[in-house]
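Novice: Turn this into a structure:
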Amino acid sequence: MVNLEKLCAEMVNAARETGEFILRESEGFDIGLAESKGLHDLVSYVDKGSEEMLVKRLGIIFPEAGFIAEEGTSSRKGVKYNWVIDPLDGTTNFVHGLHPYAISVGLTEDGEPVAGVVYEVAGNEIFTAWRNGGAWLNDHRIHVSEISSLSESLVATGFPYSDFGRLDRYMDSLKHFCITTHGVRRLGSASIDLAYVASGRFETFYEYGLHPWDIAAGIVLVREAGGHVSDFSGNEKNLSGDEVVAANNLVYPEFLENVSKFMLS
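Specialist: Numbering: from 1, shown residues only. Model prediction:
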C-alpha cells in the first residue's frame, strides 16, 4: 500500500525546489518570451522548465506512476497511478508580474485524486492533502469555512479563456452572484481558488473549461478540508475540469443549485 503522507512530503520537496527556479526566473522576466498556445492561453520557458524538473523528480519518487502534464513533458501513462501536473498555474499572472501563481501536483489512483500539493510560490504558502489525512497549510491543519448562507459567502471564479459558447450564461451567473453574495473574486489560478476554499478564505468557487491538471490537487484539498467538489450537475466522480463547483459543506447545496440554474439552462 502506498504511504500517501510520506509521498506528500516528497511532493512538497519537489514543489519547493521547482518554486526556487520559478522565483529566480520571475526577476525581470521579459513578457516577450511568452508564447501563445491559443487565444488568451500563454506559455513560457518557465512553464516548460518547471514541468521538466517536476517530472524528473516525481518519476524518481514514485516510478510506478505515469504523468498527465499540461506541457506534455511526459506522456507515459500509469496503469493505476498518475501524476497530474500544472507546473505554473497562473502563467498569465506570472508573465505580467502579478500574484498569485502556483505549482499544482496531484496524484490519482484509478482516476480519482488521492493526494495533492498546491504551492503558491511568491507567497510561500504550501497547501497539502492526502486521502484520510486532512488538509494542511504550511504544516497547520485547515478547514473550510462555516458560513452557511450564500448571501454571506465570498465567491471565486475564473473567466473563460477559450470556450465562449457558454459565455452569456456565465455572465448572467456572474451578475447574479455580484448582487446576492459578499462579492466575487477572480485570481487567475484555479488551483489557488480551490486551496482558498479549503482554507476558508473563499466559501465557493466555480468555473468551466478547465483541465485535469488545474483541479486534481485542489480536489483533494477541498474534500480533506471538509468541503465538496463536483460538476454543475452534482456529480463528484471522474471530474475532468470542464465543469467545477467547490464549496464548504454548508453552503454547497445552495451554491450548486444557483450555478446549475444558470449554467445548465
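Novice: what helix or strand is residue 132 on?
Specialist: Of the helices and strands defined by DSSP states H and E, none includes residue 132.
Novice: Now do the contacts for it.
Specialist: Applying C-beta atoms under 8 Å, 6 or more residues apart in numbering, we find residue 132 in contact with residue 224. Backbone N, C-alpha and C define where each C-beta goes, glycine included.
Novice: Kindly report the same for the one 5 residues further on.
Specialist: Contact partners of residue 137, counting by C-beta under 8 Å, 6+ apart, are 125, 126, 127, 195, 199.
Novice: how about residue 244, secondary structure?
Specialist: Assigned with DSSP: H, G, I helix; E, B strand; the rest coil, residue 244 falls in the strand class.
Novice: how far away is it from residue 118?
Specialist: Distance of residue 244 to residue 118, given as C-beta to C-beta, to the nearest Å: 15 Å.
Novice: what's the answer for residue 78, then?
Specialist: 21 Å.
Novice: More neighbours: these two, which one.
Specialist: residue 118 (33 against 17; other C-beta atoms under 10 Å).
Novice: Would you map the strands across the stretch 51-200 of the chain?
Specialist: With DSSP state E, counting those that start in this stretch as the criterion, the stretch 51-200 of the chain has strands at 66-69, 81-89, 102-109, 112-120, 125-130, 135-137, 140-142, 154-157, 183-185.
Novice: Just the C-alphas of the third one, formatted as PDB.
Specialist: Output of strand 102-109 as PDB, limited to C-alpha atoms (Å, rounded to 0.1, in the frame of the first residue of the first chain):
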ATOM      1  CA  ALA A 102       1.300  28.200  -8.300                       C
ATOM      2  CA  ILE A 103       2.700  24.800  -8.800                       C
ATOM      3  CA  SER A 104      -0.100  22.200  -8.700                       C
ATOM      4  CA  VAL A 105       0.800  18.500  -8.300                       C
ATOM      5  CA  GLY A 106      -1.900  15.900  -7.800                       C
ATOM      6  CA  LEU A 107      -1.700  12.100  -7.600                       C
ATOM      7  CA  THR A 108      -4.600  10.000  -8.900                       C
ATOM      8  CA  GLU A 109      -5.400   6.400  -8.100                       C
END
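Novice: one step back: among the contacts of residue 137, pick out the one closest to residue 189, please.
Specialist: residue 195 (8.9 Å; C-beta to C-beta).
Novice: Ranking helices and strands of the chain by mean pLDDT, which lands last?
Specialist: strand 41-43 (a mean of 51; mean pLDDT, DSSP states H and E).
Novice: Now do the contacts for the nearest residue to residue 10 once chain neighbours are set aside.
Specialist: Distances taken as C-beta to C-beta, 6 or more residues apart in numbering place residue 61 nearest to residue 10, at 4.6 Å, with adjacent residues excluded. Contact analysis of residue 61 by C-beta under 8 Å, 6+ apart lists 7, 10, 11, 14.
Novice: now residue 264
Specialist: Residue 264 makes contact with 232, 233, according to C-beta under 8 Å, 6+ apart.
Novice: Tell me how far it lies from residue 235.
Specialist: Applying C-beta to C-beta, the value for residue 264 to residue 235 is 12 Å.
Novice: same thing with residue 24?
Specialist: 41 Å.
Novice: Flag every buried residue along stretch 101-117.
Specialist: 101-109, 113-117 (16 or more other C-beta atoms under 10 Å).
Novice: Just put those residues in a markdown table and tack on distance to residue 46.
Specialist: Output for the buried residues of stretch 101-117, formatted as a markdown table (distance: C-beta to C-beta, whole Å):
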| residue | distance to residue 46 |
| --- | --- |
| 101 | 10 |
| 102 | 13 |
| 103 | 11 |
| 104 | 15 |
| 105 | 16 |
| 106 | 20 |
| 107 | 23 |
| 108 | 25 |
| 109 | 30 |
| 113 | 25 |
| 114 | 28 |
| 115 | 25 |
| 116 | 22 |
| 117 | 18 |
